[in-house]
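Enquirer: following is a predicted model, sequence given first.
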Amino acid sequence: MELKTARLTVLIDPAKKKALESLCARQDVTPSQVVRRLIRDYLASHGEGFIPSGSSQQVDAESSETPV
């Protein structure tokens, strides 16, 4: 799980928002969880790798960087 977060503002049609919130409530998930899953799946389907913020791999990579 990522330790750091960043805000992403998305504008959608109010009817779609209401339908999403209703479906999420029935499935006991939050809209944010659904959006994060969609983003992970989208990145994976396009072969785009990433290291989650705050992961030990990121810490190792940052500690091995040479200061400028």
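Expert: On my side now, so go ahead.
Enquirer: and the helix or strand hosting S32, what does it pack onto?
Expert: Take DSSP states H and E as the rule and S32 turns out to sit in helix 31-45. Contacts defined by 3 or more C-beta pairs under 8 Å, 6 or more residues apart in numbering; DSSP states H and E place helix 31-45 against helix 14-27. (C-beta placed from N, C-alpha, C; glycine too.)
Enquirer: what does the helix it packs on contact?
Expert: Residues from elsewhere that reach helix 14-27 (C-beta atoms under 8 Å, 6 or more residues apart in numbering): 12, 30-31, 33-34.
Enquirer: give me that answer again for 6 Å
Expert: Helix 14-27 has contacts (C-beta atoms under 6 Å, 6 or more residues apart in numbering) with P31.
Enquirer: what about dumping the CA coordinates of that helix to CSV?
Expert: The C-alpha trace of helix 14-27 is given here as CSV (Å, rounded to 0.1, in the frame of the first residue of the first chain):
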residue,chain,number,x,y,z
PRO,A,14,-23.6,14.2,-11.7
ALA,A,15,-25.8,11.3,-12.8
LYS,A,16,-22.7,9.1,-13.3
LYS,A,17,-21.3,10.2,-9.9
LYS,A,18,-24.6,9.2,-8.2
ALA,A,19,-24.7,5.8,-10.0
LEU,A,20,-21.0,5.2,-9.1
GLU,A,21,-21.6,6.0,-5.5
SER,A,22,-24.7,3.8,-5.4
LEU,A,23,-22.9,0.8,-6.9
CYS,A,24,-19.9,1.3,-4.7
ALA,A,25,-22.1,1.3,-1.6
ARG,A,26,-23.7,-1.9,-2.7
GLN,A,27,-20.2,-3.5,-3.2
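Enquirer: point to the residue nearest the middle of the protein.
Expert: Nearest to the mean C-alpha position of the chain, by C-alpha atoms, centre = their mean, lies R36 at 3.4 Å.
Enquirer: for it, give its distance to A15.
Expert: 23 Å (C-beta to C-beta, to the nearest Å).
Enquirer: again, but for G54
Expert: For G54, the distance to A15 - C-beta to C-beta - is 36 Å.
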